[in-house]
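A.B. asks: how would this look folded up:
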Amino acid sequence: MPSDVTLTFEGGRTGDAVKDAVLADGAEMTRAVDAAIAGTDPKGEGMGYYTTGKALEASLSWVAQFKKADVTITGVVRYYDRKVTLKSKTAAVLTYCGDESKGFSKDKKTNKINRTPVTKDSYVTYNTRLDKNSDGVWQTSQIISSRGAAQCQP
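C.D. replies: Next up, the predicted model:
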């Protein structure tokens, strides 16, 4: 990640090796998407490693929106209240909140930061499905996010 981007993931250890692997690979998926947006992984190789199916399609679309607008990311985003529910040996649900109140977009040409006021929409809830592939990687296969979610408000 660029030096002006910080992603913080709270609650990475549950004591259960499988749940901890889901948490770790779920965090890597977020890092991979942000790396593609920030240009440190311009080909999106990390996204292809940590996402599949509908989540990969959504991630590629999200990155394309940033590229089309000619903006990148900057600042600090905190992920918290991360919870894993194992559905089977190869399927899990990971839910969590994101605090984007200190994360912003930045114009690539001018480096001007698009500072936005903190509102309820600065807080996002995520509901994801991860499937363990044949290499043992927990890939995010579905992702639903909602801005302004009540359960994520400070």
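A.B. asks: Name the surrounding residues that touch the top helix by length along the chain.
C.D. replies: The helix that spans the most residues within the chain, counting by DSSP state H, is helix 17-38. Applying CB atoms under 8 Å, 6 or more residues apart in numbering, the contact partners of helix 17-38 are 1-2, 5, 7, 9, 11-14, 41-42, 44, 46-47, 49-51, 55, 59, 62-63, 66, 72-73, 79, 82, 84, 86, 92, 94, 96, 128, 130, 137-140. C-beta: built from backbone N, CA, C; applies to glycine.
A.B. asks: list the buried ones in it?
C.D. replies: Under the neighbour-count criterion of 16 or more other CB atoms under 10 Å, helix 17-38 has 19, 21-23, 25-38 buried.
A.B. asks: Could you measure from Lys67 over to Met29?
C.D. replies: Note on Lys67: its distance to Met29, by CB to CB, to the nearest Å, is 19 Å.
A.B. asks: and what of Ala55?
C.D. replies: Separation of Ala55 from Met29 (CB to CB) stands at 8 Å.
A.B. asks: the strands in the chain, which residues?
C.D. replies: Assigned by DSSP state E, the chain shows strands spanning 5-9, 71-86, 91-107, 113-114, 123-132, 138-147.
A.B. asks: Columns distance to Pro154 on top of those, output as TSV?
C.D. replies: Listed next are those as TSV, based on distance: least, CB to CB, whole Å:
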stretch	distance to Pro154
strand 5-9	15
strand 71-86	10
strand 91-107	8
strand 113-114	22
strand 123-132	7
strand 138-147	15
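A.B. asks: Now do stretch 36-50: distance from first to last residue.
C.D. replies: Stretch 36-50 stretches 12 Å from its first residue to its last (CA to CA, to the nearest Å).
A.B. asks: and it, how far out from the chain's middle?
C.D. replies: Centroid separation for stretch 36-50 versus its chain: 12 Å, with CA atoms, centre = their mean, to the nearest Å.
A.B. asks: Geometric centre of this protein: which residue is closest?
C.D. replies: By CA atoms, centre = their mean, the chain has its centre lying nearest to Thr30, at 2.8 Å.
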